[in-house]
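A.B. asks: quick one, structure for this:
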Amino acid sequence: MRFAEQWSWCTIETIRDVTPTIREFRLRPETGRIAPYPPGSHITVSLLIDGQPARRSYSLVENGDAATYRIAVRLAPDSRGGSRGMWNLQEGARVEATNPTSLLDIDWSRKSYCLIAGGIGITPIVSIAAALRRTNIDAALHYAVKSRGDAAFLDELSTLLGDRLNVYASDEGARLHLEATFRALPDDAVAVICGPMRMLEAARRAWNEAGRAPADLRYETFGSSGLKPTAEFRVRLKDMDTELVVPQNSSMLDALNGAGFEVISDCQRGECGVCAVDVVAVEGEIDHRDVFFSDQQKQDNRKICPCVSRAIGVVTIDTLYRAEAV
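C.D. replies: As a prediction, the model looks like this:
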């Protein structure tokens, strides 16, 4: 593990709706202490989904109260149930949460940043934008939403960024042109993007077509985002008479580990590739939701990251697990 999880109990201090489908939660650790954490960090919350314990990760939003965590959760009908579980919580409820961790490094030596957010992907971007502004680094934000009514934290962002905030509401006919945006950036600019999988893939293609260094495009991901609807599917294990059902509200990784076929993992966000397993056969289609594998690797369908990726139909895999001989 690249970072050790430290769990603590938190009380949900306040809840408010920031848009009709996005709800903000402020969690106060009962220890009374929050250690400083870098922008773009997230916490993992333990909650019940359909009566079963589950974990979900949420990015931390810029917060003026150093004694609370601030997260925002979009109610997503096609998710694995985490958003519904969070929305069922009331003020005063107690939940367990990890200490903040981050997989995103900010290069403070750079003078220009391009921030891109799609929908609920705005949550880590708010903190990153605020941190960059505090250090006088030029940061423009491009925020794509269905409508301005769906844009979370718009007033805060307008105050923070002024004319460096660009909002693209699809119901107004506005569209973010990624390639043109990237080509107009200074040579040493860094882009940070958080949004649905289609946006991430489009950004990676546009970044490469603009001739920019791949390492200068940074991702902040959320594993519920895929190209296909989230639905139940089945997993078969090579050379075993075993078929597992992966429910809509669970990951393939959870199903494998729960059945005793332990798969090592780390980030559980589709970023590190530690949990990747071999794909033997596919009867249907794999929905690759990671940002670890390249487009070509995803087309080849030889490996899958079970922490976030899913399938339609049946996928046969080899976890390299072998039962010990008796």
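A.B. asks: after the host helix or strand of Glu285 comes which helix or strand?
C.D. replies: For Glu285, the host element (DSSP states H and E) is strand 277-287. Downstream of strand 277-287, the next assigned helix or strand under DSSP H and E is helix 295-300.
A.B. asks: how about the CA coordinates for that following helix, as PDB?
C.D. replies: Taking C-alpha atoms only, helix 295-300 is exported to PDB below (Å, rounded to 0.1, in the frame of the first residue of the first chain):
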ATOM      1  CA  ASP A 295      -6.700   2.800 -25.400                       C
ATOM      2  CA  GLN A 296      -5.000   0.000 -27.200                       C
ATOM      3  CA  GLN A 297      -4.700  -2.100 -24.100                       C
ATOM      4  CA  LYS A 298      -8.400  -1.600 -23.500                       C
ATOM      5  CA  GLN A 299      -9.300  -2.600 -27.000                       C
ATOM      6  CA  ASP A 300      -7.100  -5.800 -26.600                       C
END
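A.B. asks: same for it, what does it pack against?
C.D. replies: Counting by 3 or more CB pairs under 8 Å, 6 or more residues apart in numbering; DSSP states H and E, the packing neighbours recorded for helix 295-300 are helix 197-209. (C-beta placed from N, C-alpha, C; glycine too.)
A.B. asks: give me the buried positions along the helix it packs on.
C.D. replies: Of the residues in helix 197-209, Met197, Met199, Leu200, Ala202, Ala203, Arg204, Ala206, Trp207 count as buried by neighbour count, 16 or more other CB atoms under 10 Å.
A.B. asks: for stretch 140-149, same thing?
C.D. replies: Buried, per 16+ other CB under 10 Å, within stretch 140-149: Ala140, Leu141, His142, Tyr143, Ala144, Val145.
A.B. asks: the fifth one reaches Gly118, doesn't it?
C.D. replies: Think Ala144. Yes. With contact defined as CB atoms under 8 Å, Ala144 reaches Gly118; the gap is 4.8 Å.
A.B. asks: before we move on, the earlier item: name every strand pairing with the strand holding Glu285 and say which way it goes.
C.D. replies: Strand 277-287 has these partner strands in its sheet, going by DSSP bridges: strand 303-304 (antiparallel), strand 310-318 (antiparallel).
A.B. asks: for the shortest one, what is the distance to the chain centroid?
C.D. replies: The gap between the average C-alpha position of strand 303-304 and the chain average comes to 19 Å, counting by CA atoms, centre = their mean, to the nearest Å.
A.B. asks: which residues sit against it?
C.D. replies: Met252, Ala276, Val277, Asp278, Val279, Ile286, His288, Phe293, Gln297, Ala311, Val315, Ile317 (CB atoms under 8 Å, 6 or more residues apart in numbering).
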